[in-house]
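Chemist: Structure for the following, please:
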Amino acid sequence: MKKYLPYLAIIVAALLWSVDAFLRQSLYSLSPLLIITIEHGIGSLLFIPILNKYWVKIKILKQTGWVSVLWISFLGGICGTYFYTKALGYVGYIDLSIVVLLQKFQPLFAVSLAAIILKEKLSKRYLVLALFAMIGGYLVTFGNNPISVWDNNTLIAALFALLAAFCWGSSTVLGKQALIYLPYSLVTALRLVITTITGIVIILFSDWSIIYSHISYPQWKMLLLIVFSTGTVALFIYYYGLNRLPASHTTLFELFWPLSAVVIDWIIKGEPLSFSQLLGAVILLTSMTILTQENSNERSQSKRSQS
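Modeler: Reported below is the predicted structural model:
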């Protein structure tokens, strides 16, 4: 059972992220940059003990490690979340098809960068499974609806979604590299702190007037809920799984996001899944199951060969 915990961690994180768009609906009146800074700032406070515990590791961290940490903080923490929130804004925080578009394209960026930066070997069997998984993700997300039916706001949202996909896909790879040098809890802590500091600096030097934005009591409650669910907690769980799995495999398991997001959308709106979406769900789940078993067998064989 223990060997499946990393997979379970990634799936749980993806399931949490699938409800993130619903939680952010009440924050539409706030600046995306302000939302990012506040939620990461609250998360940073929770991880102060971790920073104290590993302070020595921080002081001796090599340049390559710092590049990775800064990359995931700026692109993953600031840019990815900003583009994601902007995409939600353009579709009125309602249309989940754009939100899940992020996850559909992340593997394309992450798998390519994992092969280049981390030198992860990708077998033909893996590439076939990856292709089927992404096809399944597409069908779950869009069903029979072609991109040509999107309006202008949806197209702009798609652009922001693709930018976020690159930011988060590359952050998966650089996050894996950061985990070579640091414990997953410290990587989480540093990403939260650096993202918070970066957000504050950007606000002060660009549009500092947003710090006077009125945040209602319900919005504060929602920000706290995000921190303790889809934000800091999901990020911590995610890095636990990433620490124990190849980056190329991790990003494919994140495709559970579109599957769960569409199911949640169906439950809330009462719109049944189409045959194409159901077919996509079967393809996605089957690909992930085979990939999980294959990777577990490879790790078992590797341990036996070393013993």
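Chemist: make it CA atoms for all contacts and neighbour counts henceforth
Modeler: Noted.
Chemist: count of neighbours near Leu15?
Modeler: Leu15: 21 surrounding residues under other C-alpha atoms under 10 Å.
Chemist: out of everything not next to it in sequence, what's closest to it?
Modeler: Once flanking residues are discounted, Leu15 sits nearest to Trp257: 5.7 Å by C-alpha to C-alpha, 6 or more residues apart in numbering.
Chemist: Tell me how far the one you found lies from Gly270.
Modeler: 19 Å (C-alpha to C-alpha, to the nearest Å).
Chemist: what does Ile210 give?
Modeler: Ile210 is 37 Å from Gly270, by C-alpha to C-alpha.
Chemist: For those two, work out which one has more neighbours and name it.
Modeler: Taking other C-alpha under 10 Å, Ile210 and Gly270 do not tie; Ile210 has more neighbours (14 against 10).
Chemist: In contact with that one, which residues?
Modeler: Ile210 makes contacts with 31, 34, 203, as judged by C-alpha atoms under 8 Å, 6 or more residues apart in numbering.
Chemist: which one of these sits closest to Ala281?
Modeler: Within those, proximity to Ala281 (C-alpha to C-alpha) peaks at Ser31, which comes in at 34.7 Å.
Chemist: got the phi/psi numbers for that closest one?
Modeler: The phi/psi pair for Ser31 (degrees, to the nearest 10) reads phi -70, psi 130.
Chemist: so what's it scoring on pLDDT?
Modeler: Listed pLDDT for Ser31 reads 89.
Chemist: okay, now it: neighbour count?
Modeler: Neighbours of Ser31 (other C-alpha under 10 Å): 15.
Chemist: now do Leu45
Modeler: Neighbours of Leu45 (other C-alpha under 10 Å): 12.
Chemist: Ok, Ile215 next?
Modeler: Ile215, neighbours per other C-alpha under 10 Å, totals 12.
Chemist: Quick check: the closest residue to it other than its chain neighbours vs Leu163, distance?
Modeler: Spatially, and ignoring its direct neighbours in sequence, Ile215 is nearest to Leu30 (7.7 Å; C-alpha to C-alpha, 6+ apart). Distance, Leu30 to Leu163, by C-alpha to C-alpha: 21 Å.
Chemist: Who has more neighbours out of these two?
Modeler: A direct count of neighbours by other C-alpha under 10 Å for Leu30 and Leu163 places Leu163 higher, at 22 against 14.
Chemist: My read is that that one contacts Tyr82, right?
Modeler: No. At 9.8 Å, Leu163 and Tyr82 do not qualify as touching, with contact defined as C-alpha atoms under 8 Å.
Chemist: Distance from the chain centre to the one helix or strand Gly241 maps to, please.
Modeler: Applying DSSP states H and E as the criterion places Gly241 in helix 232-242. Put simply, helix 232-242 sits 10 Å off its chain's centre (C-alpha atoms, centre = their mean, to the nearest Å).
Chemist: Pull the contacting residues for Gly89.
Modeler: Taking C-alpha under 8 Å, 6+ apart, one finds 28, 157 in contact with Gly89.
Chemist: can you tell me how far it sits from Pro32?
Modeler: Distance from Gly89 to Pro32, by C-alpha to C-alpha: 9 Å.
Chemist: cool, Ile135 as well?
Modeler: Applying C-alpha to C-alpha to Ile135 and Pro32 gives a distance of 31 Å.
Chemist: from the contacts of Ile210, which single one is nearest Ala261?
Modeler: Among the contacts of Ile210, and counting by C-alpha to C-alpha, the member closest to Ala261 is Ser31, at 24.1 Å.
Chemist: In contact with the closest one, which residues?
Modeler: With C-alpha under 8 Å, 6+ apart, Ser31 has these contacts: Ile210.
Chemist: And the residue nearest to Ile215, its phi and psi?
Modeler: The phi/psi pair for Leu30 (degrees, to the nearest 10) is phi -100, psi 150.
Chemist: Perfect, that will be all.
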